[in-house]
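# this one's structure only:
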Ligand SMILES: C[S@@+](CC[C@H](N)C(=O)[O-])C[C@H]1O[C@@H](n2cnc3c(N)ncnc32)[C@H](O)[C@@H]1O
């Protein structure tokens, strides 16, 4: 039997014997749900006085608030916009709460289970299985199976990422084993075969760490944010903190970053507008008296603080910090402007005085500032070239370059970019390895190395075989996987020429300058050990390294030779594709070989581009013009000087029946069509330049040419140029 309504007050319900169910009491409405406003309780004299006082204060407060609102948001007249989640009474009194606006970015949410937060590559949510582990949907066009990112942070269960792959080349799952607490597990959700590694744990707190990792690795090839261990998949430091916040407080700031200034201002104003100070002890005692009318809920500052949600407190603290930082930045800017204003060009005697590195750095900053607003900030008696000369001298001192190379770099880059390049060239690029697809798949290799304590990531979504190594507890050049030929240590930029070459199976391919065989073995892998690969290098000692690498990596489709590439057509012609990874000045790899800064001069560059031109013409001559599959030559250098790049290509365009074609590399900056007094062919835009400061890889140049016939052009212009050069 259920409850009975009391139709007859006072009639006792008999408790008969044999009743099985216990009689329930009459339904009672909890006291806190009773609408106080309907209970007319007579007020005491003192309470009446207080009520009057309160009413007056509220009226004052409202008036003040409205005035300030009008002042700050003159256009905002639609009250309904802000009132929707206030109760009527609250709104009238201006009590703070979430407005519709801030509801969108600041929303208390209970911590979701991992599965609820886990999104696959297409945004589809993975379903938790009955055991709490989350199995993602796997869509693969091959039968190889997916890789699983395993969570090892306690009892949370494993997470299997959704993997959508278009081929077998591999995805990588970063599994971190840095402890049971909050370890970030790499998970792969990819729309193509490359994808990003997603830190599933971190996703909980961050919204989308996958995005972060992806951005890092995309924007900068090897992951700009990954030059240290900070941005790694492991991400223990930064992510851990956020995870704690998430777990402890069960609140999530959604899209805090997206909060635009207007939102922020409004929230700030809401906080600032409230007259929290105008609260007297009477009001508090009212509450103590048990007066539960809404209007009595006015807080002191402290009460208000206590009432804030943890995330609100954090946001408030953050805003305060931001304001302080802004103030500091402003002061610093003023100081800088003041400094800049007082910068005077040093006198002859001052110029002769040796300066400390810090002073040099300061002067570099000053001169750069003057040059960036020359008319306004210049010393009227000094010319631009004098400032440039001073800058060049200081840059040489500060970064230890010789005058020649610094001059070339100044000619090459705008000032701000020059500074970026110089800074980036002081830092080693991240260590990268190439998976040898003849022996393993990237995901398997990654898993094996992770198990050995290597912290790694895919290089970026432009390569299926590159991995960037952030840290390792074992020497990367001596792991069993290395010795077994599962990978080769290779800079990220070294993958580009082979990708541009796009070798095909069963072709005949020549690598003119192959030692030590990094790119050659990559070609063999792409050819799947079919066809014939001719790996040549003039240096007999270095050619041994090619042989060694080929053995280790399992390359079996090759012929290794040691001839002068400039005469290779005499040995053999008719190749479908040729790679000319030419000897060069190495100005793109200063970070790797700092000696380049001081050892290169005009003569070296001339020697380099002369050899490069000869090798390129020979390479073209070795190509089969009517190859059914190819007829392409890829020219690459690790130099950033146009003399060794665009100028060499331009020379070949004038001498042979070749045309530039797209490299197929969808990043990198366009080659120059003009440089100093040179004007290059407009198609030079099809070539690609890569820089340490923009792509986080060694400076590199890649061009791809298609041969149309064996015709040799006799260009007078080129002849004149040649004469001029000599
Ligand atoms: C940039 S390295 C090549 C690196 C190689 N492609 C790799 O990825 O491992 C340039 C190579 O050109 C070789 N070389 C220099 N002059 C040459 C010539 N005339 N003919 C053939 N090779 C030459 C050098 O011995 C050097 O090994």
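The structure has been received and is ready for your questions. Quick caveat: nothing in here was measured; it's all calculated off a predicted structure.
# now residue 593. Nearest residue, chain neighbours left out?
Computed as C-beta to C-beta, 6 or more residues apart in numbering, the closest residue to residue 593 that is not its neighbour in sequence is residue 586, at 5.8 Å. In this view, the C-beta of every residue, glycine as well, is placed from N, C-alpha and C.
# who's in contact with the one you found?
593, 596, 600, 638, 639 (C-beta atoms under 8 Å, 6 or more residues apart in numbering).
# let's see 10 Å
For residue 586, the contact set (C-beta atoms under 10 Å, 6 or more residues apart in numbering) comprises 592-593, 595-596, 599-600, 604, 608, 637-640, 644, 698-699.
# can you check residue 693 too?
By C-beta under 10 Å, 6+ apart, the residues touching residue 693 are 220, 224, 413, 417-425, 427, 699.
# got the contact list for the closest residue to the ligand within the stretch 401-550 of the chain?
The ligand sits closest to residue 513 of the stretch 401-550 of the chain, with a gap of 3.1 Å, by C-beta to the nearest ligand atom. By C-beta under 10 Å, 6+ apart, the contact list for residue 513 reads 519-520, 535-539, 542, 565, 579-583, 615, 619, 636.
# circling back: from the contacts of residue 586, list just the buried residues.
Burial by neighbour count, 16 or more other C-beta atoms under 10 Å: within the contacts of residue 586 this picks out 596, 600, 604, 608, 637, 638, 639, 640, 644, 698, 699.
# filter the contacts of residue 693 to the buried ones?
220, 224, 413, 418, 419, 420, 421, 422, 424, 425, 699.
# nearest to the ligand among the contacts of residue 586?
Nearest to the ligand among the contacts of residue 586 is residue 638, at 6.5 Å by C-beta to the nearest ligand atom.
# what about the stretch 51-200 of the chain, any weak spots by pLDDT?
For the stretch 51-200 of the chain, the stretches flagged by pLDDT under 70 are 61-200.
# close to the ligand: what parts of this structure are there?
494, 512-519, 537-539, 542, 564-566, 581, 583 (C-beta under 6 Å from any ligand atom).
# make it 8 Å
490, 494, 497, 511-520, 522, 536-539, 542, 546, 563-566, 568, 579, 581-584, 611, 614-615, 637-638 (C-beta under 8 Å from any ligand atom).
# in a strand, residue 657, correct?
Yes - the assignment for residue 657 (DSSP: H, G, I helix; E, B strand; the rest coil) places it in a strand.
# was I right to think it contacts residue 620?
Yes - proximity of residue 657 to residue 620 meets the contact threshold set by C-beta atoms under 10 Å, at 8.6 Å.
# mutual contacts of those two, please.
Joint contacts of residue 657 and residue 620 (C-beta under 10 Å, 6+ apart) are 707, 710, 712.
# which of the residues you listed has the weakest pLDDT?
Within the set of these, pLDDT is lowest for residue 712 (90).
# among the shared contacts of residue 657 and residue 620, which one has the most neighbours?
residue 707 (24 neighbours; other C-beta atoms under 10 Å).
# what kind of secondary structure is that one in?
strand.
# repeat for the one 3 residues further on
Under three-state DSSP, the three-state class of residue 710 is strand.
# so what's the closest residue to it other than its chain neighbours up against?
Closest residue in space to residue 710, ignoring its immediate chain neighbours: residue 625 at 5.6 Å, by C-beta to C-beta, 6+ apart. Neighbouring residues of residue 625 by C-beta under 10 Å, 6+ apart: 574, 631, 656, 657, 658, 706, 707, 708, 709, 710, 711.
# got the phi/psi numbers for the residue nearest to residue 593?
Residue 586 adopts backbone torsions of phi 80, psi 30, taken as degrees, to the nearest 10.
# need the pLDDT of it.
98.
# that older thread, state the distance from the residue nearest to residue 710 to residue 482.
41 Å (C-beta to C-beta, to the nearest Å).
# now residue 369
49 Å.
# how about residue 703?
For residue 703 relative to residue 482 (C-beta to C-beta), the value is 32 Å.
# more neighbours: which of these two?
Applying other C-beta under 10 Å to residue 703 and residue 482 shows that residue 703 carries more neighbours, namely 29 against 19.
# a strand runs through that one, doesn't it?
Yes - membership of residue 703 in a strand is supported by three-state DSSP.
# give me the phi and psi angles of the nearest residue to it once chain neighbours are set aside.
Once flanking residues are discounted, residue 703 sits nearest to residue 687: 4.1 Å by C-beta to C-beta, 6+ apart. Dihedral pair for residue 687: phi -80, psi 160, per degrees, to the nearest 10.
# check contacts around residue 403.
392, 393, 395, 396, 601.
# with residue 691 instead?
Neighbours of residue 691 in contact, by C-beta under 10 Å, 6+ apart: 413, 417, 420-421, 424-425, 493, 588, 640, 668-669, 697-700.
# okay, residue 50: pLDDT?
pLDDT, residue 50: 80.
# let the chain start at 275 from now.
Fine by me, first position is 275 from now on; the one you just mentioned is residue 324.
# tell me the secondary structure for it?
Applying three-state DSSP: residue 324 is helix.
# so what's the residue count around residue 645?
By the criterion of other C-beta under 10 Å, residue 645 has 16 neighbours.
# what's the helix or strand for it?
For residue 645, the host element (DSSP states H and E) is helix 631-646.
# swap in residue 604?
Element membership of residue 604 [criterion: DSSP H and E] is helix 584-616.
# helix or strand right after that helix?
helix 622-626.
# report the mean confidence score over that next one.
Helix 622-626 comes out at a mean pLDDT of 86.
# contacts for it?
Outside helix 622-626, the residues that touch it by C-beta under 10 Å, 6+ apart are 618, 619, 620, 663, 664, 667.
# which of these has the most neighbours?
When neighbours are counted by other C-beta under 10 Å, residue 664 leads the contacts of helix 622-626 with 20 neighbours.
# tell me the contacts of that residue?
619, 620, 625, 637, 638, 640, 641, 644, 645, 656.
# please apply the same query to residue 903.
Counting by C-beta under 10 Å, 6+ apart, residue 903 touches 777, 778, 779, 780, 781, 782, 805, 850, 851.
# before we move on, what about residue 919?
856, 858, 862, 883, 886, 909-911, 913, 945-946, 949, 954, 958, 961, 963, 974-977.
# same check, this time on residue 666
641, 675, 677, 680, 681, 683, 684.
# tell me which element it is part of?
Following DSSP H and E, one finds residue 666 within helix 658-673.
# and the very next helix or strand once past that helix, what's buried?
Per DSSP H and E, the first helix or strand lying C-terminal to helix 658-673 is helix 677-686. Using 16+ other C-beta under 10 Å as the test for burial, helix 677-686 gives 678, 679, 680, 681, 682, 683, 686.
# quick check: angle from helix 677-686 to helix 658-673?
With axes from the mean of the first three to the mean of the last three C-alpha atoms, to 10 degrees applied, the angle from helix 677-686 to helix 658-673 works out at 120 degrees.
# looking at helix 677-686 now, give me its mean pLDDT.
Rounded mean pLDDT across helix 677-686 is 97.
# ok, stretch 927-935 next?
Here the average pLDDT along stretch 927-935 is 97.
# ditto for stretch 818-833
Regarding stretch 818-833, the rounded mean pLDDT is 98.
# what do you get for stretch 693-707?
Here the average pLDDT along stretch 693-707 is 96.
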